[in-house]
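> Turn this into a structure:
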Amino acid sequence: MTSNGNQSQRIYDKATRTWYEVPEDQYKEFDRWRTNLRKREQYWGRCFCPRGKWWPCDGNCVECEFHTRNEVPLDDPLPDGAGMRGDYVPDDNPTPEEITADRDLLERLTARLHELDPDEHESTLHLHSHSLRGHKSLTTLPETVRGIEPLTKMWSKDEFRIA
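Numbering: from 1, shown residues only. Prediction:
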């Protein structure tokens, strides 16, 4: 029976069918890379390498016997001829109606907040105009909001800065 200290670190080359002895640190680096690649491919359902066959893995998945090529292009027509596969992929982007509804809801909530607390309304408009700065077409707020200068003076104090 051999101990782990007596075993040498070897890497198998499938192309030449030979074993190469390598230093332990090089073997650990290669094994970490190989295991990471294999697990990533297994997660995506492209590697079905059994545990007993992990030792010949060299990271060349294209030529591996356990690698499956189950990628289907979205440009392929459907079997019944009713369009392409890409036609049925859902789109997560918001529709113009959803954007308009969100803007209207935000305006109504801001108006209601102004009814409840008129003093807070100015700072809310300031924050709202800065949150939509990149979306000028979505907002109808003016560029300058009355009452911002006292807030900027207050926010510029050193005691409120985050270091």
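
> Could I get the full set of helices for the protein?
24-43, 96-116, 118-131, 148-155 (DSSP state H).

> least reliable of those helices going by mean pLDDT?
Mean pLDDT is lowest for helix 148-155 among those, at a mean of 51.

> Look at residue 76 and say how many residues are nearby.
10 (other Cβ atoms under 10 Å). C-beta coordinates here come from the backbone N, C-alpha and C atoms, glycine included.

> just residue 41 next, same as before
20.

> what's the distance between the closest residue to it other than its chain neighbours and residue 58?
Leaving aside its chain neighbours, residue 41 sits nearest to residue 47 (3.6 Å; criterion: Cβ to Cβ, 6 or more residues apart in numbering). Computed as Cβ to Cβ, to the nearest Å, the residue 47 to residue 58 distance reads 13 Å.

> Counting neighbours, go ahead and name the busier of those two.
Set residue 47 next to residue 58 and count neighbours by other Cβ under 10 Å: residue 47 wins out with 18 against 15.

> ok, now which ones touch the more buried one?
38, 41, 61, 64, 66-68 (Cβ atoms under 8 Å, 6 or more residues apart in numbering).
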